[in-house]
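**Q** give me the fold of what follows.
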Amino acid sequence: MTARRAGRPLWWAAGLVLVLALGGVGFALTTGTESAVLPTTPPESPHASREAAAAELLTDLAEALQDGDREQLRELAASTPRARREIADLGANVRNLEIVDLSMRYLDENEGRSVSGLPARLRDKAWVGDVQLSWRLADHDESPANLEVGLAFLETADGAAFVSARGGWGRQTPLWLLDRLAVVESRRTLVMAATGRSQAREYDAMARRAVRDVAKVLPGWRGSVVVAVPRSQKDITRVLASSSSYGGIAAVTAPVDGSLAPSAPTRIVLNPAVFDPLGEQGAQIVMSHEAAHVAVDAAISTMPTWLLEGFADYVALAYVDLPVEVTASQILAQVRRDGPPDRLPSEADFESENRHLGASYEAAWLACRLIEEQYGERRLIDFYEQADRDGGTAAAFREVLGTTQRELTAAWRDELRELAG
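**A** Predicted coordinates for the structure are as follows:
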């Protein structure tokens, strides 16, 4: 399930400083002639030559990656085993993922960042640069993703060479830059996994089942699901670029570049350390929950979190044959101990650090289930869609359900008491 909420995209920000230098022109007049004293040419920045070299390298690198030219890729890498291995992995990922519309534009040196893993004789010639990266998965993304990433470069006699894209250096980084990936694809799913082909196939089977689960509730959805599976917690943090802890979170749905645009590519990011131990049924419910988020563009929604998460659980559980004592065990235990909550779950209740996070999801699901029981599935969907358009539920309660949140909350509390026995 999502960490915090799918409706809060991950932001990145880059500072832009514009310096306008005005050079004065002095004029000297004599009695016989007019002359102009032109300003001297400013000295070239010490980094200007290598910045130009990096820009040229990136143009060649994007072209070689798109063309699948393995020999050219090898020539563009620094002469170290790590750089050559990594650039070969990049080439394989671009081919296997069918990445198109790829561009790389050099922005500036990321001063204060160091490059590790190089021989001592080369360290003084290496630097980290900020690069504007744009790309699209041919069969799954409507529009390109745009992200500012960090890349390591090396000064050479001929210009610049590629060193690494895996250091992060404080920047969000797409998974295909971080590791060699196993890729499994169907018409409406794509799984990219750093954990191996066998697991990628298992995740793809779940993703295909998730698409079918979503279609049972939302038959008009025609989109696809892209699942990214990093190898480590460190890589999960780099892919999501968030200060939140994902140690206890099974999966997160987020725009790949933090964009609020409706067409921004969205990824389901799995945390194998938590996802895999859930078992076949538990893992499938999580995958279907995340696929529901993808189907309704939840990652860019500003609606209340209880509806955003509760609806995704409704979709995931709508046709699962499990008793409510199992699917709502945590919230019911809490009700038996403390009584029903006074309010529907808030955004803070879905923070990953909340030790009652599971109960918050279950409580939200029961609220959506109650709407379906009282008004029918079609009106639950209409209610969700209106709240999504409005960024709130007040009008949806009034215009779609003909009630108020206070009345629904009272009925929900009564149901919690009844279910808890």
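**Q** for the helix or strand where Q374 lies, name the packing helices and strands.
**A** Under the criterion of DSSP states H and E, Q374 resides in helix 357-375. Helix 357-375 sits against helix 305-317, helix 324-327, helix 329-338, helix 377-390, helix 405-420, with contacts defined as 3 or more C-beta pairs under 8 Å, 6 or more residues apart in numbering; DSSP states H and E. Glycine gets a C-beta too; all of them are placed from N, C-alpha and C.
**Q** which stretches in the stretch 101-250 of the chain count as helices?
**A** 175-178, 197-217, 233-240 (DSSP state H, counting those that start in this stretch).
**Q** ranking the ones you listed by mean neighbour count, which comes first?
**A** helix 175-178 (a mean of 23; mean count of other C-beta atoms under 10 Å).
**Q** give me the contact list for that one.
**A** 90, 93-94, 97, 99, 149, 165-166, 181, 192, 194, 228-230, 235, 238-239 (C-beta atoms under 8 Å, 6 or more residues apart in numbering).
**Q** cool, and stretch 291-302?
**A** Stretch 291-302 is contacted from outside by 2, 6-7, 9, 207, 210-211, 213-214, 217-218, 221, 223, 225, 253-255, 259-262, 264, 266, 268, 308, 311-312, 315-316, 384-385, 388, 391, using C-beta under 8 Å, 6+ apart.
**Q** list the buried residues in that stretch.
**A** For stretch 291-302, the neighbour count (16 or more other C-beta atoms under 10 Å) marks 291-301 as buried.
**Q** pLDDT averaged over that stretch - what is it?
**A** Stretch 291-302 comes out with an average pLDDT of 95.
**Q** so where is this structure shaky, pLDDT-wise?
**A** Applying pLDDT under 70 to the chain flags the ranges 1-48, 243-244.
**Q** try 90
**A** Applying pLDDT under 90 to the chain picks out residues 1-49, 110-114, 116-121, 123, 168, 170, 241-248, 257-264, 351-354.
**Q** centroid-nearest residue for it?
**A** V256 (3.4 Å; C-alpha atoms, centre = their mean).
**Q** check contacts around that residue.
**A** 145, 147, 174, 264-267.
**Q** can you check A273 too?
**A** Contacts for A273 (C-beta under 8 Å, 6+ apart) come out as 233, 247.
**Q** which secondary structure element contains it?
**A** Going by DSSP H and E, A273 is part of helix 272-275.
**Q** could I get the buried residue list for the helix or strand following that helix?
**A** Once the chain leaves helix 272-275, the next helix or strand it forms, by DSSP H and E, is helix 279-295. For helix 279-295, a neighbour-count test (16+ other C-beta under 10 Å) marks 283-295 as buried.
**Q** again, but for stretch 116-126
**A** For stretch 116-126, burial by neighbour count (16+ other C-beta under 10 Å) applies to 118, 122, 125-126.
**Q** stretch 369-388 now?
**A** For stretch 369-388, by 16+ other C-beta under 10 Å, it's 369-372, 375, 379-384, 386-388.
**Q** mind putting those residues in TSV, distance to R105 included?
**A** Listed next are the buried residues of stretch 369-388 as TSV, based on distance: C-beta to C-beta, whole Å:
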residue	distance to R105
R369	49
L370	51
I371	48
E372	49
Y375	51
R379	48
L380	45
I381	42
D382	44
F383	44
Y384	39
Q386	41
A387	39
D388	34
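**Q** with these in mind, which one is nearest to W135?
**A** D388 (27.8 Å; C-beta to C-beta).
**Q** my read is that the closest one contacts P262, right?
**A** No - contact criterion C-beta atoms under 8 Å: D388 and P262 do not qualify, at 11.0 Å.
**Q** got a list of what W365 touches?
**A** Per C-beta under 8 Å, 6+ apart, neighbours of W365: 309-310, 313-314, 317, 327-328.
**Q** so which of those residues wins on neighbours?
**A** Across those, neighbour numbers were computed from other C-beta atoms under 10 Å; E309 holds the maximum, 29 neighbours.
**Q** Q334 versus that one, what's the distance?
**A** Note on E309: its distance to Q334, by C-beta to C-beta, to the nearest Å, is 17 Å.
**Q** domain parsing of this structure, as residue ranges.
**A** 47-294, 301-421 (automatic domain parsing).
**Q** end to end on stretch 220-234, go ahead and measure it.
**A** Using C-alpha to C-alpha, to the nearest Å, the end-to-end distance of stretch 220-234 comes to 37 Å.
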